[in-house]
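>>> sequence and predicted structure, then a few things I'm wondering about:
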Amino acid sequence: MTTSSAGSPGSASAPDRAARPADRSPLRRMTARGRDEAHRVATPLELFFDLCFVVAVAQAGAQLVHAVAEGHAGEGILNYAMIFFAIWWAWMNFSWFASAYDNDDVLYRVVTLIQIAGALVLAAGVSQAFTDHDFLLVWLGYAIIRCAMITQWLRAARACEGRERTTALRYAGGVLLCQIGWLGLLVLPEPARPWLFLVMAIAEMAVPLYAEKDTATPWHPRHISERYGLFTIIVLGETIAAATVAVKSAVDEHEALGELLPIAVGGLLVVFAAWWIYFAVPIHGHLRTSVQAFVWGYGHYLILASAAAIGAGVEVAVEQAVGQAHISTLAASAAVTLPTALFFLTVWALHARYFKVGVAQQLVLPTSALLIILSTFLGDWAVLAAGIVGAATVAAGVALTARTARREEAGRKEEAAAPR
């Protein structure tokens, strides 16, 4: 995940890369693609991968709704954080590997489909992990994904040499050791599992840092930013779908449109605002150094987890409004406002602050996050208030950007008109 020059050892030359689409052999060498490819975009297989992975995201969100609505928010959030880490980490590892080594041959496609199957097995085990603390299916699904990933790294190692080969072998070995470590979820007593998760999550995130300390994988900045953006869109789409189903079911069963309309409108505004602020800046130009790549890539755990949690929060608010949740209005409101504020703050920290000019622009998102948190205390109107703040955030950002653009244009005109 670190920055690499286009001409790193083992990378395919420009003529080789240009000729690659014409090579339709069933099995091809898995050589590095390089960072200078033109018109690099997400493939249909990558889009299919994302859609299948979001099934697991939906299952995690549904179980979070149940836990929070039943008054077990602490336990539910902990389980959600653990399950979502497995989903996110598996998705992220595939995405960065594919950006560097995707050769789209038959074996690559088959191994990727096996990873998708692993994600579906993981999704099938989410409810057992939440309710019975049985992580067998989750571990098995994750093991399928990660063993397939080891296979991909070994293929890459076989096709390259020197330090690039060492990097690939380090990835394969690190993933294998971590997968063995996750066996603790099946054998350790329940109180020890959160601590195991913390240790193993740190170990997982240390693998890329160690593997790429000498030579980086040649991922494509524009392709990576597109991949993250597409997955964020799919997660936000799942959020809207889950919230819509919840509102529809509540209306059908309880005929409580008056109570649900503010929640539905507020939730929709929140998701619209979340989409707008995420895509307000072209982030690929910021991904230049190793530190930037790691911080940006790892930080998306909070962006994606909070995006999915927004939908779960709207469902909780709906259930509380119709009397099906055993929690207070304040707690139900917080289920929406807190992940929304976290999303806004994380997007600002990872994306927006690098492109803001002046104090006013820099303060828009942090101030909005604070106002969204404060809206938690507005009772039945909390979600609608959070949505209005989100819409106002977008409006303020657009207005300030337009004002800055007008000032810059005026400055250029004055400079052009000044006597030489």
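Arrived safely, thanks for sending.
>>> I'd say residue 355 and residue 281 touch.
Yes. Using C-beta atoms under 8 Å as the test, residue 355 is close enough to residue 281 to be in contact (4.4 Å). From N, CA and C alone the C-beta is placed, and that goes for glycine too.
>>> and those two? which has more neighbours close in?
residue 281 (17 against 14; other C-beta atoms under 10 Å).
>>> and the pLDDT for that one?
If you check residue 281, the pLDDT there is 77.
>>> which helix or strand contains it?
For residue 281, there is no helix or strand it lies in under DSSP states H and E.
>>> where's it relative to residue 351, distance?
According to C-beta to C-beta, to the nearest Å, residue 281 and residue 351 sit 5 Å apart.
>>> likewise for residue 287?
According to C-beta to C-beta, residue 287 stands 11 Å off from residue 351.
>>> under the pLDDT cut-off, which ranges of the stretch 151-300 of the chain? List them.
The model of the stretch 151-300 of the chain has pLDDT under 70 over residues 254, 285, 290.
>>> so for residue 287 and residue 351, which sits in the more crowded spot?
residue 351 (23 against 18).
>>> what's the local residue count around residue 148?
By other C-beta under 10 Å, the residues close to residue 148 number 20.
>>> should've said residue 403
14.
>>> ok, residue 192 next?
12.
>>> end to end on stretch 252-263, go ahead and measure it.
One end of stretch 252-263 to the other measures 16 Å (C-alpha to C-alpha, to the nearest Å).
>>> in it, what's buried?
Residues of stretch 252-263 classed as buried by neighbour count (16 or more other C-beta atoms under 10 Å): 259, 260, 262, 263.
>>> next: stretch 74-83.
76, 77, 79, 80, 81, 82, 83.
>>> among those, which lie within helices?
76, 77, 79, 80, 81, 82, 83 (DSSP state H).
>>> tell me who's in contact with the fifth one.
Translated: residue 81. residue 305 (C-beta atoms under 8 Å, 6 or more residues apart in numbering).
>>> ok, now with 10 Å
By C-beta atoms under 10 Å, 6 or more residues apart in numbering, the contact set of residue 81 is 60, 64, 194, 197, 201, 301, 305, 309.
>>> separate out the buried members of the residues you listed.
Applying 16+ other C-beta under 10 Å to the contacts of residue 81 flags 60, 64, 197, 201, 301, 305, 309 as buried.
>>> assign residue 38 to helix, strand or coil.
At residue 38, secondary structure determined by DSSP: H, G, I helix; E, B strand; the rest coil is coil.
>>> make CSV from the buried residues of stretch 74-83 and add pLDDT to it.
Below are the buried residues of stretch 74-83 laid out as CSV (pLDDT from 0 to 100):
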residue, pLDDT
76, 92
77, 93
79, 92
80, 94
81, 94
82, 93
83, 94
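>>> tell me which of the residues you listed is nearest to residue 389?
Here the nearest of the buried residues of stretch 74-83 to residue 389, counting by C-beta to C-beta, is residue 77; it sits at 23.1 Å.
>>> for this structure, longest helix please?
Per DSSP H, the chain has its longest helix at helix 382-417.
>>> that helix packs against which elements?
Counting contacts by 3 or more C-beta pairs under 10 Å, 6 or more residues apart in numbering; DSSP states H and E, helix 382-417 packs against helix 257-278, helix 290-321, helix 329-350, helix 358-374.
>>> now for the longest one, which elements pack on it?
Applying 3+ C-beta pairs under 10 Å, 6+ apart, we find helix 290-321 packed against helix 44-69, helix 73-101, helix 193-211, helix 221-254, helix 257-278, helix 329-350, helix 382-417.
>>> which of the ones you listed sits closest to residue 370?
Ranking these by proximity to residue 370 (C-beta to C-beta) places helix 329-350 first, at 7.5 Å.
>>> report the rounded mean pLDDT for that closest one.
Helix 329-350 shows a mean pLDDT of 94.
>>> report the buried residues of it.
Neighbour-count burial for helix 329-350, counted by 16+ other C-beta under 10 Å, picks out 329, 331-350.
>>> again with stretch 193-208
Across stretch 193-208, burial judged by 16+ other C-beta under 10 Å covers 193, 196, 197, 200, 201, 204, 205, 207, 208.
>>> can you pull the contacts of the last one?
Taking C-beta under 10 Å, 6+ apart as the criterion, residue 208 is in contact with 1-2, 92-93, 96, 167, 170-171, 174, 216-217, 293-294, 297-298.
>>> same deal with the fifth one?
Residues in contact with residue 201, defined by C-beta under 10 Å, 6+ apart, are 81, 82, 85, 86, 89, 178, 301.
>>> quick check: the second one vs residue 238, distance?
Spelled out, that is residue 82. From residue 82 to residue 238 the distance is 19 Å (C-beta to C-beta).
>>> please apply the same query to the third one.
Here the criterion is C-beta to C-beta. By it, residue 85 lies 18 Å from residue 238.
>>> before we move on, what about the fourth one?
Between residue 86 and residue 238 the distance, using C-beta to C-beta, works out to 17 Å.
>>> of these two, who's got more company?
Just comparing residue 86 and residue 238: by other C-beta under 10 Å the higher neighbour count belongs to residue 86, 27 against 19.
>>> contacts only, for the spatially closest residue to residue 29 that is not a sequence neighbour.
For residue 29, ignoring the flanking residues on the chain, the nearest one in space by C-beta to C-beta, 6 or more residues apart in numbering is residue 159 at 4.4 Å. By C-beta under 10 Å, 6+ apart, the residues touching residue 159 are 10, 12, 28, 29, 30, 31, 32, 101, 103, 165, 168.
>>> let's see that with 8 Å instead.
Taking C-beta under 8 Å, 6+ apart, one finds 29, 30, 31 in contact with residue 159.
>>> confidence score at the residue nearest the centre of the chain?
The residue lying closest to the centre of the chain (C-alpha atoms, centre = their mean) is residue 304, at 3.6 Å. Model confidence at residue 304, given as pLDDT, is 95.
>>> quick check: it touching residue 230?
No. Using C-beta under 8 Å, residue 304 is not in contact with residue 230; the gap is 11.7 Å.
>>> not counting its neighbours along the chain, what's nearest residue 60?
Nearest in space to residue 60, with sequence neighbours left out and distances taken as C-beta to C-beta, 6+ apart, is residue 83 at 4.7 Å.
>>> looks like the one you found contacts residue 129 (just checking).
Yes. With contact defined as C-beta under 8 Å, residue 83 counts as touching residue 129 (6.2 Å).
>>> list residues touching both of these two?
Listed as contacting both residue 83 and residue 129 by C-beta under 8 Å, 6+ apart are 63, 138.
>>> for burial, what's the neighbour tally of residue 249?
Neighbours of residue 249 under the rule other C-beta under 10 Å: 15.
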